[in-house]
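K.L.:
Sequence and predicted structure below; questions after.
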Amino acid sequence: MIETKNPLFISVELETSDLLPVEEAHHALHVLRLKESDEITITNGKGLVVDAVITKTTKKEVFFQKIKEYHFPPLFPTLHLVVAPTKNIERYEFMIEKCTEIGLSSLTPIICRKSERKELKIERLERIVNAAVKQSQKAYIPTIHQPIAFHELVTNKNYEAQKFIAVCQDIPKKDFFVEIRKGNNAMIIIGPEGDFSSEETALALANDFIPVSLGPSRLRTETAGIVACHAYSLKQQYFKSYE
């Protein structure tokens, strides 16, 4: 967490530019009403953060001078959340916003047999993530990947992480919170309304995914995403002696 009292902005070109991006400049000028000599904080979303002072403004531009520079260490361990898009996209967007605030590292929309939504506007999701990053004062922006088919993701052998699948089916399941190992990257797949098909679950288990429960209640897709993200964050950050 950056912990700044200044307004926080995002500029992916922070290392080489002294000019806020257009959307960030608009927010600074027309929403926050900032002016020359006001102090701001900027992150590139990859661990670099600078305190700066506004040196010049025009109707559409905000120039700044860097005062102090900070480098945050890379995120570790990380949670890769893989969630089927909900039919009501606002519920999915709410999940992404809250998971970003909690501590999401990356998210992949997964297209399953029972998925009712198969297309997403990734740029809109990225804007939601950026707003949540600024609100929660984070130095890293979660990565939002393009949607991927279920079978393509679960058969990919390149994920170096604990691999979980949250299922509602009546099969033996482990407790997600208990199974999380501190200091380990993790990936958890959460299915669409109606759960995974039995064939999808079997394919995941055949590819070393651990079937888990997120609690005694049957959760909506977006609720399950938030619960999983919070459980992982809680285990990593606060339960130092929990095993």
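P.N.:
The structure has been received and is ready for your questions.

K.L.:
Could you use CA atoms for every contact and neighbour count after this?
P.N.:
Noted.

K.L.:
contacting residues for residue 104?
P.N.:
78, 79, 80, 81, 142, 229 (CA atoms under 8 Å, 6 or more residues apart in numbering).

K.L.:
ok, what's across the strand from the second one?
P.N.:
Residues found in beta-bridge contact with residue 79 (criterion: DSSP bridges) are residue 186.

K.L.:
pLDDT at it, what is it?
P.N.:
Per-residue pLDDT puts residue 79 at 95.

K.L.:
in terms of contact, does it touch residue 185 like I think?
P.N.:
Yes. Contact between residue 79 and residue 185 holds when scored by CA atoms under 8 Å: they sit 5.9 Å apart.

K.L.:
neighbour-wise, which of the two wins?
P.N.:
residue 79 (24 against 19; other CA atoms under 10 Å).

K.L.:
Go through the protein and flag its longest helix.
P.N.:
helix 221-237 (DSSP state H).

K.L.:
can you list contacts of it?
P.N.:
77, 79, 81, 83-84, 86, 91-92, 94-95, 98-99, 102-104, 176-177, 180, 182-183, 188, 190-193, 214, 242.

K.L.:
farthest-separated two in the contacts of residue 104?
P.N.:
142 and 229 (12.6 Å; CA to CA).

K.L.:
of the contacts of helix 221-237, buried ones?
P.N.:
77, 79, 81, 83-84, 86, 91-92, 94-95, 98-99, 102-104, 176-177, 180, 182, 188, 190-193, 214 (16 or more other CA atoms under 10 Å).

K.L.:
Which ones among these lie within helices?
P.N.:
Per DSSP H, those map to helices at 91, 92, 94, 95, 98, 99, 102, 176, 177.

K.L.:
for stretch 26-38, which positions count as buried?
P.N.:
26, 28, 29, 34, 35.

K.L.:
pLDDT wise, what is the one residue sitting closest to the centre of the chain at?
P.N.:
The centroid of the chain falls nearest to residue 104 when counting by CA atoms, centre = their mean (3.5 Å). Here, the pLDDT recorded for residue 104 equals 93.
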